[in-house]
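Asks: sequence and predicted structure, then a few things I'm wondering about:
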Amino acid sequence: MIGIENITSKRLFIAIPLPDSANQLLNHYCEQIAAQYPQQKIRFTPMLKRHITLTFLGVLAEDQIKNVCTIVREFEHPAITIQLNTISRFPDAQSKIITALPAPSKALDSLHTQLQQVLELNGFPKLSRPYRPHISLTRMKNLEDNLPITIKPPIDMLISNIILYESQLTETGSLYVPMETTKLLKK
(Lines give C-alpha, C1' and ligand atoms only; values in the text may rest on other atoms or scores of the structure.)
Protein backbone atom coordinates (compact mmCIF):
# COMPACT_ATOMS: atom_id res chain seq x y z
CA MET A 1 0.00 0.00 0.00
CA ILE A 2 1.31 3.46 -0.93
CA GLY A 3 1.45 5.91 1.95
CA ILE A 4 0.32 9.51 1.58
CA GLU A 5 3.96 10.67 1.88
CA ASN A 6 4.75 8.90 -1.38
CA ILE A 7 1.97 10.75 -3.18
CA THR A 8 3.13 14.23 -2.12
CA SER A 9 6.91 13.68 -2.06
CA LYS A 10 9.19 14.89 -4.82
CA ARG A 11 12.85 14.40 -5.78
CA LEU A 12 14.46 17.87 -5.74
CA PHE A 13 17.73 19.68 -6.40
CA ILE A 14 18.86 23.30 -6.60
CA ALA A 15 20.92 24.28 -9.62
CA ILE A 16 22.29 27.02 -11.81
CA PRO A 17 20.73 27.03 -15.29
CA LEU A 18 23.14 27.66 -18.15
CA PRO A 19 22.80 30.80 -20.24
CA ASP A 20 22.00 30.15 -23.91
CA SER A 21 25.35 31.61 -24.98
CA ALA A 22 27.31 29.17 -22.80
CA ASN A 23 25.18 26.26 -24.02
CA GLN A 24 25.81 27.15 -27.66
CA LEU A 25 29.56 27.31 -27.05
CA LEU A 26 29.50 23.95 -25.24
CA ASN A 27 27.74 22.44 -28.27
CA HIS A 28 30.89 23.17 -30.29
CA TYR A 29 32.87 20.94 -27.93
CA CYS A 30 30.19 18.24 -28.01
CA GLU A 31 30.48 18.22 -31.81
CA GLN A 32 34.26 17.97 -31.49
CA ILE A 33 33.96 14.94 -29.18
CA ALA A 34 31.42 13.29 -31.51
CA ALA A 35 33.76 13.81 -34.48
CA GLN A 36 36.68 12.39 -32.50
CA TYR A 37 34.72 9.21 -31.71
CA PRO A 38 32.54 8.54 -34.80
CA GLN A 39 32.20 4.83 -33.96
CA GLN A 40 30.26 5.66 -30.79
CA LYS A 41 26.64 6.71 -30.81
CA ILE A 42 26.98 9.53 -28.33
CA ARG A 43 23.87 11.06 -26.78
CA PHE A 44 24.69 14.43 -25.30
CA THR A 45 22.72 16.03 -22.50
CA PRO A 46 20.12 18.29 -24.18
CA MET A 47 20.78 21.99 -23.76
CA LEU A 48 17.65 22.51 -21.67
CA LYS A 49 18.83 19.90 -19.15
CA ARG A 50 22.36 21.26 -18.67
CA HIS A 51 22.98 22.86 -15.31
CA ILE A 52 25.41 23.13 -12.42
CA THR A 53 23.95 21.44 -9.36
CA LEU A 54 24.39 23.46 -6.17
CA THR A 55 22.84 20.83 -3.92
CA PHE A 56 20.85 17.62 -4.34
CA LEU A 57 18.07 17.47 -1.76
CA GLY A 58 16.71 14.01 -2.49
CA VAL A 59 13.10 12.96 -1.99
CA LEU A 60 11.28 15.49 0.20
CA ALA A 61 7.87 15.44 1.85
CA GLU A 62 5.30 18.19 1.28
CA ASP A 63 6.26 20.31 4.32
CA GLN A 64 9.96 20.13 3.36
CA ILE A 65 9.07 21.14 -0.21
CA LYS A 66 7.23 24.23 1.03
CA ASN A 67 10.19 25.09 3.24
CA VAL A 68 12.78 24.75 0.48
CA CYS A 69 10.60 26.76 -1.95
CA THR A 70 10.60 29.60 0.58
CA ILE A 71 14.37 29.28 1.08
CA VAL A 72 15.05 29.51 -2.66
CA ARG A 73 12.57 32.35 -3.19
CA GLU A 74 14.09 34.42 -0.36
CA PHE A 75 17.76 33.50 -0.94
CA GLU A 76 20.03 36.49 -1.53
CA HIS A 77 23.50 36.45 -3.04
CA PRO A 78 25.22 38.69 -5.57
CA ALA A 79 25.26 37.54 -9.19
CA ILE A 80 28.63 36.05 -10.13
CA THR A 81 30.64 35.25 -13.22
CA ILE A 82 32.51 31.98 -13.63
CA GLN A 83 34.60 30.53 -16.43
CA LEU A 84 34.22 27.09 -17.96
CA ASN A 85 37.75 26.06 -18.89
CA THR A 86 37.93 22.27 -19.29
CA ILE A 87 36.06 19.30 -20.74
CA SER A 88 37.07 16.30 -18.67
CA ARG A 89 36.04 12.97 -17.23
CA PHE A 90 34.24 13.21 -13.90
CA PRO A 91 34.73 12.51 -11.07
CA ASP A 92 38.13 11.00 -12.00
CA ALA A 93 40.30 10.21 -15.04
CA GLN A 94 38.76 6.72 -15.50
CA SER A 95 35.13 7.80 -15.42
CA LYS A 96 32.68 7.39 -18.32
CA ILE A 97 31.01 10.71 -17.45
CA ILE A 98 32.20 13.63 -19.59
CA THR A 99 31.68 17.10 -18.11
CA ALA A 100 32.46 20.77 -18.55
CA LEU A 101 34.28 22.07 -15.51
CA PRO A 102 34.49 25.62 -14.19
CA ALA A 103 37.77 27.17 -13.17
CA PRO A 104 38.17 27.35 -9.38
CA SER A 105 35.97 30.21 -8.20
CA LYS A 106 35.72 31.77 -4.75
CA ALA A 107 32.47 33.40 -5.87
CA LEU A 108 30.91 30.03 -6.84
CA ASP A 109 32.18 28.49 -3.60
CA SER A 110 30.58 31.39 -1.70
CA LEU A 111 27.24 30.90 -3.49
CA HIS A 112 27.25 27.17 -2.70
CA THR A 113 28.38 27.63 0.91
CA GLN A 114 25.85 30.35 1.68
CA LEU A 115 22.99 28.29 0.20
CA GLN A 116 24.09 25.19 2.09
CA GLN A 117 24.29 27.15 5.36
CA VAL A 118 20.73 28.46 4.92
CA LEU A 119 19.50 24.93 4.18
CA GLU A 120 21.25 23.51 7.25
CA LEU A 121 19.81 26.28 9.45
CA ASN A 122 16.38 25.16 8.24
CA GLY A 123 16.89 21.51 9.14
CA PHE A 124 18.29 20.07 5.92
CA PRO A 125 21.25 17.69 6.34
CA LYS A 126 24.85 18.77 5.97
CA LEU A 127 26.50 17.50 2.79
CA SER A 128 28.88 14.61 3.36
CA ARG A 129 30.94 15.14 0.20
CA PRO A 130 32.91 18.20 -0.92
CA TYR A 131 31.26 20.39 -3.56
CA ARG A 132 32.54 19.62 -7.08
CA PRO A 133 30.70 21.77 -9.64
CA HIS A 134 30.35 20.35 -13.14
CA ILE A 135 28.05 20.25 -16.17
CA SER A 136 27.28 16.74 -17.40
CA LEU A 137 27.61 16.47 -21.18
CA THR A 138 27.50 12.72 -21.90
CA ARG A 139 28.63 9.23 -20.89
CA MET A 140 31.08 7.34 -23.06
CA LYS A 141 32.35 3.76 -22.98
CA ASN A 142 35.76 2.72 -24.27
CA LEU A 143 37.04 6.27 -24.24
CA GLU A 144 40.65 6.73 -25.24
CA ASP A 145 42.73 9.06 -23.11
CA ASN A 146 42.25 12.18 -25.24
CA LEU A 147 40.75 14.18 -22.41
CA PRO A 148 40.88 16.73 -20.87
CA ILE A 149 40.12 19.28 -23.57
CA THR A 150 41.01 22.86 -22.76
CA ILE A 151 38.21 25.29 -23.56
CA LYS A 152 39.84 28.13 -25.51
CA PRO A 153 38.97 30.83 -24.86
CA PRO A 154 37.26 29.98 -21.56
CA ILE A 155 33.48 30.39 -21.60
CA ASP A 156 32.43 33.27 -19.35
CA MET A 157 29.14 32.53 -17.64
CA LEU A 158 27.09 35.09 -15.74
CA ILE A 159 25.14 33.37 -12.99
CA SER A 160 22.13 35.54 -12.34
CA ASN A 161 19.61 33.05 -10.93
CA ILE A 162 19.21 29.70 -9.24
CA ILE A 163 16.34 27.27 -9.63
CA LEU A 164 14.75 24.61 -7.45
CA TYR A 165 13.99 21.70 -9.79
CA GLU A 166 11.90 18.60 -9.41
CA SER A 167 13.57 15.62 -11.07
CA GLN A 168 10.88 13.35 -12.49
CA LEU A 169 12.13 9.95 -13.57
CA THR A 170 10.52 8.80 -16.83
CA GLU A 171 11.08 5.90 -19.24
CA THR A 172 13.01 8.25 -21.55
CA GLY A 173 15.18 9.79 -18.82
CA SER A 174 14.89 12.49 -16.20
CA LEU A 175 12.64 15.49 -16.69
CA TYR A 176 13.63 18.64 -14.79
CA VAL A 177 10.65 20.78 -13.79
CA PRO A 178 11.39 24.25 -12.33
CA MET A 179 9.50 24.79 -9.08
CA GLU A 180 10.97 28.03 -7.73
CA THR A 181 13.47 30.60 -9.01
CA THR A 182 15.36 33.42 -7.42
CA LYS A 183 17.24 36.17 -9.21
CA LEU A 184 20.63 36.88 -7.73
CA LEU A 185 21.39 40.47 -6.79
CA LYS A 186 22.97 42.68 -9.41
CA LYS A 187 26.65 43.37 -8.87
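Replies: That came through fine. Numbers count the residues shown, from 1 in each chain.
Asks: all strands of the protein, in order?
Replies: 10-17, 51-60, 80-90, 97-102, 135-139, 149-159, 161-170, 173-183 (DSSP state E).
Asks: quick one, which of those gets closest to Asn122.
Replies: strand 51-60 (11.3 Å; CB to CB). For the C-beta atoms, the positions are set from N, CA and C on the backbone; glycine is no exception.
Asks: nearest spatial neighbour of Ile135, skipping sequence neighbours?
Replies: Ala100 (4.2 Å; CB to CB, 6 or more residues apart in numbering).
Asks: how about that neighbour, what does it touch?
Replies: Remark: with contacts taken as CB atoms under 8 Å, 6 or more residues apart in numbering, Ala100 is in contact with Leu26, Tyr29, Leu84, Thr86, Ile87, His134, Ile135, Leu137, Ile151, Ile155.
Asks: what do you get for Ala103?
Replies: By CB under 8 Å, 6+ apart, the neighbours of Ala103 are Ile82, Gln83, Leu84, Asn85, Pro154.
Asks: and with 10 Å instead?
Replies: Contact partners of Ala103, counting by CB atoms under 10 Å, 6 or more residues apart in numbering, are Ile82, Gln83, Leu84, Asn85, Thr86, Ile151, Pro154.
Asks: same thing with Leu12?
Replies: Leu12 touches 55-60, 64-65, 68-69, 72, 164-167, 177, 179-180, counting by CB under 10 Å, 6+ apart.
Asks: same check on Ala22?
Replies: Met47, Arg50, Ile82, Leu84, Ala100, Ile135, Ile155, Asp156, Met157, Leu158, Ile159 are the contacts of Ala22 under CB under 10 Å, 6+ apart.
Asks: neighbour-wise, which one of those residues leads?
Replies: The residue in the contacts of Ala22 with the most neighbours, by other CB atoms under 10 Å, is Ala100 (27 neighbours).
Asks: mind listing the residues bridging to that residue?
Replies: Ile87, Ile135 (DSSP bridges).
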